[in-house]
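Using only what follows, build the 3D model:
(4 chains)
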2 protein chains.
Amino acid sequence: MPAPSSTRRPSPRPRTARSPRALRQSQNRFISIWGEMGSSWGIPRTMAEVHALLYIVGEPLNTDQIMDRLSISRGSASMSLKSLHDWGLIARAHKRGDRKEYFRAEQDVWQVFRIITRERKRREIDPVLMALHECRDLTGPRTTAAVRHRSEIEAHNLRLDEMIEFIGLIDSLAEQFVSPSGKGLRLAVGLLGKAV
Amino acid sequence: MPAPSSTRRPSPRPRTARSPRALRQSQNRFISIWGEMGSSWGIPRTMAEVHALLYIVGEPLNTDQIMDRLSISRGSASMSLKSLHDWGLIARAHKRGDRKEYFRAEQDVWQVFRIITRERKRREIDPVLMALHECRDLTGPRTTAAVRHRSEIEAHNLRLDEMIEFIGLIDSLAEQFVSPSGKGLRLAVGLLGKAV
DNA sequence: TGGATATTTCAAAATTTTCTGAAAGTACTA
DNA sequence: TAGTACTTTCAGAAAATTTTGAAATATCCA
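Now for the predicted structure:
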């Protein structure tokens, strides 16, 4: 018989299975660290914590287990899970004879960071690059500036061009890393390692 | 005679010198883009905008000019300038016969990103790495786990170790980039370019 | 040193972001 | 098709972050 469904359970005895104390502590610590890191990265703390929990526990959990373990509301859990699923960091899973939905985190660390990079590139780098190009076009080669402003505008364009070039570089690095093989960054890393 | 000092000036006619319309528009656009980008990066929008203004204008400005151009308060300008100075992204400058302090932005784009990387590494990566090591120690080799938990803990440790390894890698990449010559990333970039 | 200008600080206000929880929605089962 | 279990949504509440602006502080010059 399932526990009475409610929005926030009183958690009479939350843990699913007894784990050694040290393991539990280490998991909790990891969850805090990851939550902290996420929020300095612009990812909501709770979303990062849900991800951390699923990653570090290694096996699928359902929404109630997540709510209990992290002391968060059902709405918050649902929204975080949705975002994580949209990103591709977690997958749905099911258990026989249990109608609840379970969630399992991607376990390959490289893949995890590839996904995060893909998402951040898409949301943060690409739009900036596009906007910078539009911005650059405002003072494009066909400028009608009076002669006395010519060099001022040229200096401005130079500054913009350098910025665009650099961010373009970062963008293509990210693209390399994100691409299926992900060969690019591995290669770079190997070489850099030797260069140290 | 200087304008009457006040906390927020009514800006009777703010601009210092007339610039062609397109230049001004392009500057404004750049400032918005950079502010947006900064805030998706965890850098206060206003701080990023002040930096963008100083970078794109290319010459030193004083606090009043910055306040007027960005429509921000004196306190906000002062705090942003302090942070930017702490980071090393701007330097103080002075003009003959003017008691006001002027600020000039670093103009080398690579150096700008090196500074930003250094700061973010220091504030975001290094503490995470240290915390992860502490976390890992909680279930270190000398674990007293009962036999039936042994493999559970080993799996946990594996997950932590992979995460630590990856973040350590990012950390050393950042270190390479930040280091005086900054040779590392340039090299990597060159090689990646060929690898595409 | 005194008076003026310039800068910094910080408590409170404004804004932005995130979370809650009850209601609405969906899907399964009998 | 009705009833139950489960999930999602979203308006409002709460929390976190950022900005303001006036007072305090520092600096300059005669």
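
Return the residues of chain A in contact with DNA strand C.
A:7-8, A:39, A:42, A:44-47, A:71-76, A:78-80, A:99 (C-beta under 7 Å from any atom of the strand). C-beta: built from backbone N, CA, C; applies to glycine.

10 Å instead?
Residues of chain A found near DNA strand C (C-beta under 10 Å from any atom of the strand) are A:5-8, A:35, A:38-39, A:41-50, A:67, A:70-80, A:83, A:94, A:97-99, A:101.

and whatever residue of chain A ends up closest to DNA strand C, how many neighbours?
Nearest residue of chain A to DNA strand C: residue A:75, at 1.8 Å (C-beta to the nearest atom of the strand). Residue A:75: 11 surrounding residues under other C-beta atoms under 10 Å in any protein chain shown.

what residues are up against it?
Going by C-beta atoms under 8 Å, 6 or more residues apart in numbering or on different chains, residue A:75 touches no other residue.

now the strands for chain A?
A:61-62, A:90-95, A:98-105 (DSSP state E).

which helices and strands does the shortest one pack with?
Under the contact criterion of 3 or more C-beta pairs under 8 Å, 6 or more residues apart in numbering or on different chains; DSSP states H and E, the helices and strands touching strand A:61-62 comprise strand A:98-105.

Now with 10 Å, please.
Applying 3 or more C-beta pairs under 10 Å, 6 or more residues apart in numbering or on different chains; DSSP states H and E, one finds that strand A:61-62 contacts helix A:45-57, helix A:63-70, helix A:74-87, strand A:90-95, strand A:98-105.

quick one: contacts of it?
A:16, A:50, A:53-54, A:67-69, A:77, A:81, A:90, A:93-95, A:98-105 (C-beta atoms under 10 Å, 6 or more residues apart in numbering or on different chains).

Emit the PyMOL select command for whichever of the residues you listed are buried.
Buried residues among these (16 or more other C-beta atoms under 10 Å in any protein chain shown), as a PyMOL selection:
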select buried, chain A and resi 50+53+54+67+68+69+77+81+90+102+103+104+105
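
Point to the residue nearest the middle of chain A.
With distances taken as C-alpha atoms, centre = their mean, chain A has residue A:116 as the residue nearest its mean C-alpha position (3.8 Å).

State the distance from the closest residue to residue A:52 other than its chain neighbours to residue A:136.
Of all residues beyond its chain neighbours, the one nearest residue A:52 is residue A:34 (3.5 Å), with distances taken as C-beta to C-beta, 6 or more residues apart in numbering or on different chains. For residue A:34, the distance to residue A:136 (C-beta to C-beta, to the nearest Å) stands at 38 Å.

Over to residue A:126?
16 Å.

follow-up on the earlier one: just to check, the residue nearest to the centre of chain A is in contact with residue A:34?
No: counting by C-beta atoms under 10 Å, residue A:116 does not reach residue A:34; the two are 11.6 Å apart.

any residues in contact with both of the two?
Joint contacts of residue A:116 and residue A:34 (C-beta under 10 Å, 6+ apart) are A:43, A:51.

Low-confidence bits of chain A, can you list those?
Applying pLDDT under 70 to chain A flags residues A:1-19, A:142-146, A:181-196.

Residue A:89 is in contact with residue A:109, correct?
No: here residue A:109 does not reach residue A:89: they are 11.6 Å apart, not a contact under C-beta under 10 Å.

relative to helix B:45-57, how tilted is the longest helix that chain A contains?
Secondary structure of chain A per DSSP state H: the longest helix is helix A:147-178. Taking axes from the mean of the first three to the mean of the last three C-alpha atoms, to 10 degrees, one finds helix A:147-178 and helix B:45-57 inclined to each other by 130 degrees.

Is helix A:147-178 in proximity to chain B?
Yes: against chain B, helix A:147-178 shows contacts by C-beta under 10 Å from any C-beta of the partner chain at A:148-150, A:152-153, A:155-167, A:169-170, A:172-173, A:175-177.

Among those, the buried ones, what's the ChimeraX command?
A single ChimeraX command is used to select the members of these judged buried by 16+ other C-beta under 10 Å:
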select /A:149,152,153,155,156,157,159,160,163,164,167,169,170,173,175,176,177
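
Nearest residue to residue A:113 in space, ignoring adjacent ones along the chain?
Closest to residue A:113 by C-beta to C-beta, 6+ apart is residue B:166, at 6.4 Å.

Equivalent analysis for residue A:123, please.
residue B:40 (7.4 Å).

Kindly report the same for residue A:41.
residue B:42 (7.0 Å).

correct me, but that neighbour touches residue A:42?
Yes: with contacts counted by C-beta under 10 Å, residue B:42 reaches residue A:42, the gap being 5.9 Å.
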